[in-house]
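**Student:** Compute the structure for the input listed below.
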Amino acid sequence: MTGTISAPLYLLRGLQLIGWRDMPHALDYLFADGVLREGTLVAINAEKMLAVEDKPGGTALIEAAEFKYADGISVVRSLRKKYPQAQVSRVAGADLWEALMQRAGAEGTPVFLVGGKPEVLAQTESRLRQRWQVNIVGSQDGYFTPEQRQALFERIRDSGAKIVTVAMGSPRQEIFMRDCRRLYPHALYMGVGGTYDVFTGHVHRAPKFWQDLGLEWFYRLLLQPSRSRDSSAYCAIYVGIIPVSSDIPLQPGEFAYIFCVISSLADTLFAISAKLINHSQASYAPGRPARRQGYGFS
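**Tutor:** Predicted structure coming up:
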């Protein structure tokens, strides 16, 4: 690279978010001039926006992170509505983690893995080494006591890791990264939630079709209907549908919830229609034979 890769910052409900155009832009930004940036990566979705609204402790944790990026589709849509000229795309945390691991393997960047069940962590290490020859300099599953935290921080420091990924769920992973950085700030920390489970096949992500339509949250809800009865998930769904750039306070209610579901479904139908129209135009362009198998989504 000939110069440091930059990225614009956008203000959304008091949070400054990095506007990455796509995954290559994100990677080039984090590995600017071949030198990995130091700080904390936090994926911002509707649920985290809700935490900023309602939980002062959560707000401080999220605001302290240097690299806050749009993971949820509702956050991306809100950024585009507030900043019409913004060239920002969704960068899913699970995809960013895999891309980082691939880049780390290519460049020999030392990595430390934290969190997950012992068997899942072992499988994650094995697959990372086999697939991308990742230099894993240490690991620790998520089953450690509060008394062991300081010793773990020292292990991470002594390992010389430049990427530390923590799969403990929010807000535990954000608390862990904050405390570890106080002892060892010379690394890029990333909270990855259940990414190890997805990477090893223990948990399945939504099919790409659902991802492209921004409906991963709805796919998870279909697989786990009980989430709709959980108050925090209920609120997250509400926030995920309402544009978070709105000035209206986030106060879930039955009428508002129903209205937002209808709005979301209408938005989804519009997206599907657009795909059909684009596909139709491509299929029946002059000089090209019509496809006989019907419409598809590519």
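**Student:** quick one: low-confidence parts of the stretch 1-150 of the chain?
**Tutor:** The stretch 1-150 of the chain contains residues with pLDDT under 70 at 1-4, 51-58.
**Student:** where along it do the helices fall?
**Tutor:** Counting by DSSP state H, counting those that start in this stretch, the stretch 1-150 of the chain forms helices over residues 23-30, 46-54, 56-64, 73-82, 93-107, 118-132, 149-159, given from the N-terminal end onward.
**Student:** Let me know the angle separating the shortest one from helix 93-107.
**Tutor:** With axes from the mean of the first three to the mean of the last three Cα atoms, to 10 degrees applied, the angle from helix 23-30 to helix 93-107 works out at 60 degrees.
**Student:** mind listing what's buried in helix 23-30?
**Tutor:** Buried residues in helix 23-30, counting neighbours by 16 or more other Cβ atoms under 10 Å, are found at H25, A26, L27, D28, Y29, L30. Glycine gets a C-beta too; all of them are placed from N, C-alpha and C.
**Student:** which helices and strands does it pack with?
**Tutor:** Taking 3 or more Cβ pairs under 8 Å, 6 or more residues apart in numbering; DSSP states H and E as contact, the helices and strands that helix 23-30 lies on are helix 93-107.
**Student:** Give me the helices and strands touching the helix it packs on, please.
**Tutor:** Where contact means 3+ Cβ pairs under 8 Å, 6+ apart, helix 93-107 is packed against helix 23-30, strand 39-44, strand 110-115, helix 118-132, strand 163-167, strand 188-191, helix 195-199.
**Student:** Out of the ones you listed, which gets nearest to G93?
**Tutor:** Evaluated over the helices and strands packed on helix 93-107, closeness to G93 peaks at strand 39-44, with 3.9 Å, by Cβ to Cβ.
**Student:** Each with direction, which strands does that closest one pair with?
**Tutor:** Looking at strand 39-44 with DSSP bridges, its partner strands are strand 67-70 (parallel), strand 188-191 (parallel).
**Student:** which one of these has the most crowded surroundings?
**Tutor:** For those, ranked by mean neighbour count under the definition mean count of other Cβ atoms under 10 Å, the leader is strand 188-191 at a mean of 26.
**Student:** Name the surrounding residues that touch that one.
**Tutor:** For strand 188-191, the surrounding residues in contact (Cβ atoms under 8 Å, 6 or more residues apart in numbering) are 30, 36-43, 93, 96-97, 100, 162-168, 170, 173-174, 177, 180-181.
**Student:** Check these for burial and list the buried ones.
**Tutor:** 30, 36-37, 39-43, 93, 96-97, 100, 162-168, 170, 173-174, 177, 180-181.
**Student:** Report how many residues lie close to A104.
**Tutor:** Residues lying near A104 (other Cβ atoms under 10 Å) number 24.
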